[in-house]
Every structure is written in structure tokens, then in C-alpha cells.
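Novice: show me how the following folds:
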Amino acid sequence: MGTMDATTGTAGPLQGVDDIDWGALAPERGSEIPELLRGVRGGDDPARSVATLYDILRFPGAGYPAAPTASGFLVDIACDPETADPGQALSLLLELVAPTAADHFPRRLDLEQWRADVAWAGSTDVETVRGQYRTWRDEAGDEQQYRRMSSRLDAVSRPNGVTLLEAELATYDAVRKRVPELVALLTGRGNRRRIAGSVPPAEWVCYLLAFLPDAETAQRSVTAITAASSLLQPPSRNQQQSPRAEESEPLSAELFALGALAGPEDATVTVALAHQMTSGHLYNTFAAAVALTVIHGSRVPSECLTRIAEGGRTRVGYHGLFEDSWPHCGEIQPEVLGFLALERGGERTRRTRLDMAPDVLAHSEDAGSGIAAGAALDMVLGPRTAARTPVPEENAELDTETLEVLWAIAELPEPVWTESDVGATVAAWGLPGDRAEFRAFAGVTDGEEENDRAAGDNGGSGDEGRQPDTAGPARSGGLFARLFGGGS
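Specialist: Next up, the predicted model:
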């Protein structure tokens, strides 16, 4: 006979939670996990329970080996109709499944390669593993590879490092097996409606599915997503007047997930997204255009890039549009993830990404700032290398695109530089790692920063206050003036 769920008094989603040796999985605070899971299920403050659980289980902390087991209970909690706020469990589940979300873009995860890497790490001397990951990081040919190897090196450098790598894969597999149950949360008015601004369960499920891109799971997820809404149904007058029209309206998160999961050979999804892109719905238009770009990469139709650019020029801008459809994972902002994903288009999306880089960087925080800066520099200067490139000569002519990126990074406020690794990131390209020195190198003066702050206080954008540093390097004259205003 099963144990009793302390929350309901009957066998339920937490059945067996007290039978697990949580202390062995999470030595420091494992004993707290059962009561915290009960709090997520039906406590007075589920959000607080989620926050505390995250502190215990977060990757690559010592408690993350408990994540695969905890994930099973979180799925049970989310899928239980008696759970008051299943979104709380799903939000934590997302953090456990995608602890290094930026590593997933622009190229999709190769599950078989991941399995092979973890198996190799588990059967190899840990010092050899650390050295190899360090080499792979230093020789990374692009920023995504650099991020992936950095994440793994960070994990294996800890006392239980290989166990952390194994737990990350085990968490993926644990949630992957539960997709048939999770997709049930895509349907139903209660699962799809936003109440008091909260993210509904269906959106959380879409975010989760997007980070489970192996072929088998992706196909199942795409089928479930397209069946959950009217996405594949051409709009008709009767549908628009139907009481269920609002319930079946495609969610922008569904469009994001389709972009992350569908392949270019799926003509049905492409046609459905194309209809959404021309729907006239601001947020869905943008989300569909981005999804089509991610799916088709260098073969993306020009119309998609036009729609993305038009969205960026609206009042809500790239920040608001990405925030509506893309998830906020850990310290990585939605627009940073979108910026990374659009790299899949290569040269085809280069101009689009350059145009959005200032907005993406301006709204980035924490780890997202360094990641966005690295991706932007990689776009204009090529990949970082183990052998640092020398700082360009002060009188060197930098092209317009490079200057745009340097200015966007230079305008990051002081707290961002001190609280993230922006300085170390720019230094990897041989640029000044000190903010003041970087701003001087880029031709940005302190007076400009004060003008920008004053303009912001007065409701202005600050652009009108930009003036190139005419006393700085030669390139700060006419070219900067033509790019950013001021001068002749």
C-alpha cells in the first residue's frame, strides 16, 4: 500500500516522497525537500517554496543530483488537478531541465552526442576530463561551443562534478519520459488563460518542451502543440464567434516552441506559422516570424526578417516582444535567448541581429550581459581564441558594424560591468576589460553618459545627447557622427 500524501491525506502526487534518502542526494539541505514539495503542492506560499527548492537544487550546486528525482514529483504536482498553482511546479521544472539555457542556441541539442560525452566523463579520470573540457573551451570555434564547454568545465571542477553532469542528463530523461502527461496541460481554458498577469500552465509546458528537442520528443510535442489550439485551422466567421475561440487561440509561447522543435521539412507547421505572421496580432506576428527564422535558418524568407524589424520599431520593442513569447531562464533574459537563436540564419540574419543588439544588451542583466556581449562580438570580430588577439591600434579603421556593437557594449551601465563578466568577455577579443578604458576606446565620453541619464530622467531616449569623442581616436569623428548623430 502506498504512503499517504500529507497535503491531502490520500495517496497523491507526493506519494513516497518521505521514502527517499534526500540527504544522500543533496547532503547539505536534502532533508528540507519533502516539506518544500508539499509547499509547492498546496502551501500558503508556493512561490517561496519554489525559490527555496531552487536554491537547494540549482545547477551546478551540490544539491543538483537530487534534481532527477525531484523532477518526477514536480511533474506529478503540476499534473494533479488539485494543485492550486501548477505553474509554480512547472517554472522550477524548467530551471532544472534547462539550467544552461543559452547552451541550447543556435544549434539544437544533440542528445546522442550528449549521452556519449557524459558516458566518457563517467569512465575517465576526473583530472583528464577537466583538462579536456578546458582545451575544448579554449579552442571553441564559436560562442555556443564556448558556452557549452564553459558550463561543463564549471561543473566538473566541483567536488562532485561528474555526478552533476550525469544528473543533468538524468533530469532531461526524467522529464522527457513524462511529456505525454505534460502535454495534457496544453488544453483547457484554465490552463491557457492568463489570470492576474501570471503565466498559465500551457505556456510553461511550451517552454519546457522547447528544451527537449530530441527527434522523438520533438515530434510528439509539435503534434500536441498544433492540436491544442486553432493553429492548423484556417480562421472562419463561425470560429471567431465561437465561445471557444479565445481558448483555442494560439499562444505566443506555442509559436516559440514550434520554432525550437519543428524542422524545415514540416510544411504544415511552416504554413501555420506564416498565417500567424500575417495575422495582425503584434505579439504573435513577431513570435511567428522569429520561429520561422529559427526553423529555416539561412533559407528564411525576407518577409520574416521584415516582420522582425518592424516589431523592433514598435513601442514595446524587441524587449517586450521577446518577453511575451520566450522564457526567462535563470539569469538569461528572453531577448538574449532570441538573439542567440537567430544566429542560426548566419549571414542571412546578420543585419537583423545587429539592429537588435543595442536593445538586447540594454535589457540584459547578470550572466545574460556577458553572453549577449560575447555573441555580438563574435558576430563582428569572429570567434574568441585561447591566444588573445592584440588590441587594435587606436588609429585603426573599424567597420560600421563593429562600431555599432562596441557602442552598444560601452553603454552598459557600471553595475552590469561589475556584476557580470562583460569585462572578461570583451578582454577575450583583446579589447580593454576596464569599463572606463573600453568607453574611451569606443569614443564614448562620460559627458555622454550623463546626458543619457538626464534624457532618461526626462522621458527621452538619450540619443540626442550622443556626441562622438572628437579628442579620442581618429575613427571617432565623422563615422561615429554619421552613425549616431551629431557633427557633420
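Novice: residue 293 versus residue 303, what's the distance?
Specialist: Summarising the geometry, the distance separating residue 303 from residue 293, computed by C-beta to C-beta, to the nearest Å, is 10 Å. For every residue, glycine as well, the C-beta is placed using N, CA and C.
Novice: check residue 152 too.
Specialist: 29 Å.
Novice: residue 423 now?
Specialist: Taking C-beta to C-beta, one finds residue 423 at 31 Å from residue 293.
Novice: those two: which is more packed in?
Specialist: Set side by side, residue 423 and residue 293 give different neighbour counts by other C-beta atoms under 10 Å, the larger being at residue 293 (26 against 19).
Novice: now whichever strand or helix holds the more buried one: mean pLDDT?
Specialist: In this assignment (DSSP states H and E), residue 293 forms part of helix 282-296. Along helix 282-296, the predicted confidence averages to a pLDDT of 98.
Novice: for it, output the C-alpha coordinates as CSV.
Specialist: Once non-C-alpha atoms are left out, helix 282-296 reads as follows in CSV (Å, rounded to 0.1, in the frame of the first residue of the first chain):
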residue,chain,number,x,y,z
LEU,A,282,1.5,42.2,-32.8
TYR,A,283,3.0,39.6,-30.5
ASN,A,284,2.1,36.5,-32.5
THR,A,285,3.3,38.1,-35.7
PHE,A,286,6.7,38.7,-34.2
ALA,A,287,6.8,35.3,-32.5
ALA,A,288,5.9,33.5,-35.7
ALA,A,289,8.5,35.5,-37.7
VAL,A,290,11.2,34.6,-35.3
ALA,A,291,10.0,30.9,-35.2
LEU,A,292,10.2,30.7,-39.0
THR,A,293,13.6,32.2,-39.0
VAL,A,294,14.9,29.7,-36.4
ILE,A,295,13.4,26.8,-38.4
HIS,A,296,14.6,27.8,-41.8
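Novice: check which helices and strands that helix sits against.
Specialist: Other helices and strands packing on helix 282-296, by 3 or more C-beta pairs under 8 Å, 6 or more residues apart in numbering; DSSP states H and E, are helix 252-261, helix 267-277, helix 302-312, helix 317-325, helix 334-341.
Novice: that helix: how far from the chain's middle?
Specialist: The offset between the C-alpha centroid of helix 282-296 and the centroid of the whole chain comes to 16 Å, using C-alpha atoms, centre = their mean, to the nearest Å.
Novice: what sits against the residue lying closest to residue 300 once chain neighbours are set aside?
Specialist: For residue 300, ignoring the flanking residues on the chain, the nearest one in space by C-beta to C-beta, 6 or more residues apart in numbering is residue 293 at 4.6 Å. Remark: with contacts taken as C-beta atoms under 8 Å, 6 or more residues apart in numbering, residue 293 is in contact with 259, 300, 304-305, 308, 342, 344-345, 349, 352.
Novice: which one of those is nearest to residue 96?
Specialist: The shortest distance between residue 96 and any of the contacts of residue 293, using C-beta to C-beta, involves residue 259 and amounts to 22.6 Å.
Novice: surely that closest one meets residue 295?
Specialist: Yes - under the criterion of C-beta atoms under 8 Å, residue 259 is in contact with residue 295, at a separation of 5.7 Å.
Novice: count the neighbours of residue 233 for me.
Specialist: The criterion is other C-beta under 10 Å. On that basis, residue 233 has 12 neighbouring residues.
Novice: now the angle between helix 267-277 and the helix holding residue 293, please.
Specialist: Angle of helix 282-296 versus helix 267-277, following axes from the mean of the first three to the mean of the last three C-alpha atoms, to 10 degrees, is 150 degrees.
Novice: now helix 282-296: buried residues?
Specialist: Going by neighbour count (16 or more other C-beta atoms under 10 Å), the buried part of helix 282-296 is 282-296.
Novice: repeat for stretch 408-419
Specialist: The neighbour-count criterion (16+ other C-beta under 10 Å) identifies 408-412, 416-417 as the buried residues of stretch 408-419.
Novice: can you list the contacts of residue 293 in TSV and add distance to residue 373?
Specialist: Compiled in TSV, these are given as follows (distance: C-beta to C-beta, whole Å):
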residue	distance to residue 373
259	24
300	25
304	26
305	23
308	21
342	16
344	20
345	20
349	18
352	18
